[in-house]
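In: All I have is the shape, not the residue letters:
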């Protein structure tokens with residue numbers, strides 16, 4: 001679902017600014033998630049929400065993080081952004097080591113290396129084409145914010161269900177992004193432009209707003225809460241392969257052996273990192289089994 005957003009975005013960027021699209025995406029996703037949350041758990045669930053903490057995590061992680069990724073790509077190039085995002089497992093491991101005092105076993109360390117290499121292959125780009133500068137630093141900061149926000153959502157808001165966790169942090173990201181949008185709009189920036197949604201782009205528009213954002217985020221938080229941010233982040237590195245499969249299905253691309261191989265290596269890395277070797281992996285990352293989506 002998350003990968004489908006990259007494909008849908010290609011149909012929208014000619015008529016929409018990146019800032020306006022991002023603000024609309026987070027706002028609609030937050031609204032849909034809120035309605036789903038109320039339908040499942042009722043209005044009484046709002047009373048136990050630590051609003052200041054939850055909105056802050058969402059604003060910093062999803063709002064500021066997406067802005068830094070956007071600025072990083074603007075100051076570098078899409079190739080650099082793609083390769084940096086493929087370093088998400090490294091960010092996830094660093095967050096768990098720093099905050100959870102996790103000790104990496106040999107199989108986990110090798111799994112991280114496989115996920116990094118597989119993710120690099122899956123991007124289909126070459127590191128020789130990257131530009132080193134301020135842009136890459138902003139992209140690196142963005143993925144560490146995403147990793148931090150995922151951990152903060154699943155560990156610091158554990159009094160909420162995964163649906164509640166996802167919703168309230170998405171609301172924080174939406175508030176930040178909407179405020180940013182109005183700032184760009186007042187300044188007359190082209191990145192705040194909008195467009196009429198025609199029949200030709202209706203389906204990509206809906207996919208970009210809901211499945212690739214709100215629903216994908218709910219599944220991400222639910223999965224990361226059970227697996228931990230490090231293992232969950234491995235799976236992100238297969239996203240370029242999923243993008244390729246979607247494009248092939250739509251007859252807009254070709255099946256590339258390098259990307260398929262990369263995705264396969266990522267999967268091997270995921271499995272290896274979760275093997276219980278020599279007493280099992282260190283770091284207790286299990287969530288209480290009574291949590292429900």
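Out: Yep, it's here. A quick note: this is a predicted structure, and the numbers were derived from the prediction, not measured.

In: Mind pulling up the pLDDT for residue 195?
Out: With respect to pLDDT, residue 195 scores 88.

In: which regions of this protein lie under the pLDDT threshold?
Out: For the chain, residues meeting the criterion pLDDT under 70 lie at 76-80, 125-133, 276-293.

In: Quick check: buried residues in stretch 153-166?
Out: For stretch 153-166, the neighbour count (16 or more other C-beta atoms under 10 Å) marks 153-155, 157, 160-166 as buried. Bear in mind the C-beta positions are built from the backbone N, C-alpha and C, glycine included.

In: and what of stretch 181-201?
Out: So, applying 16+ other C-beta under 10 Å, buried residues of stretch 181-201: 181, 184-185, 191-193, 201.

In: how about the helices in the stretch 101-250 of the chain?
Out: Under the criterion DSSP state H, counting those that start in this stretch, helices of the stretch 101-250 of the chain are mapped to 106-123, 134-156, 162-187, 199-209, 216-227, 229-236, 239-249.

In: got those as JSON lines, with distance to residue 268 columns?
Out: Output for those, formatted as JSON lines (distance: least, C-beta to C-beta, whole Å):
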{"stretch": "helix 106-123", "distance to residue 268": "6"}
{"stretch": "helix 134-156", "distance to residue 268": "22"}
{"stretch": "helix 162-187", "distance to residue 268": "28"}
{"stretch": "helix 199-209", "distance to residue 268": "30"}
{"stretch": "helix 216-227", "distance to residue 268": "16"}
{"stretch": "helix 229-236", "distance to residue 268": "10"}
{"stretch": "helix 239-249", "distance to residue 268": "14"}
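
In: out of the ones you listed, which comes closest to residue 34?
Out: Of all the helices of the stretch 101-250 of the chain, it is helix 162-187 that lies closest to residue 34, at 5.3 Å by C-beta to C-beta.

In: helices and strands around the closest one, which ones?
Out: helix 18-41, helix 51-58, helix 65-75, helix 134-156, helix 216-227 (3 or more C-beta pairs under 8 Å, 6 or more residues apart in numbering; DSSP states H and E).

In: ok, 6 Å please
Out: On a contact count with 3 or more C-beta pairs under 6 Å, 6 or more residues apart in numbering; DSSP states H and E, helix 162-187 meets helix 18-41, helix 51-58, helix 216-227.

In: Tell me which residues touch residue 253, please.
Out: Residues counted as contacts of residue 253 (C-beta atoms under 6 Å, 6 or more residues apart in numbering) are 244, 247.

In: about what we covered before: quick one: closest of the helices and strands packed on helix 162-187 to residue 119.
Out: Closest of the helices and strands packed on helix 162-187 to residue 119 is helix 216-227, at 16.4 Å (criterion: C-beta to C-beta).

In: orientation of the closest one relative to helix 18-41 in degrees?
Out: If you take axes from the mean of the first three to the mean of the last three C-alpha atoms, to 10 degrees, helix 216-227 sits at 60 degrees to helix 18-41.

In: Now helix 216-227: buried residues?
Out: Applying 16+ other C-beta under 10 Å to helix 216-227 flags 216-218, 220-227 as buried.

In: Show me how far that helix is from its chain's centre.
Out: 10 Å (C-alpha atoms, centre = their mean, to the nearest Å).

In: Are there helices or strands packed against that helix, and which ones?
Out: Against helix 216-227 (3+ C-beta pairs under 6 Å, 6+ apart) you get helix 134-156, helix 162-187.

In: can you list contacts of the first one?
Out: Outside of helix 134-156, the residues that reach it under the criterion C-beta under 6 Å, 6+ apart are 57, 61, 65, 68-69, 71-72, 75-76, 80-81, 84, 88, 91-92, 95, 165, 169, 221, 224-225, 229.

In: quick check: angle from that helix to helix 216-227?
Out: Using the same axes, to 10 degrees: helix 134-156 against helix 216-227 is 60 degrees.

In: which of the residues in helix 134-156 are buried?
Out: For helix 134-156, a neighbour-count test (16+ other C-beta under 10 Å) marks 135-136, 138-155 as buried.

In: Perfect, that will be all.
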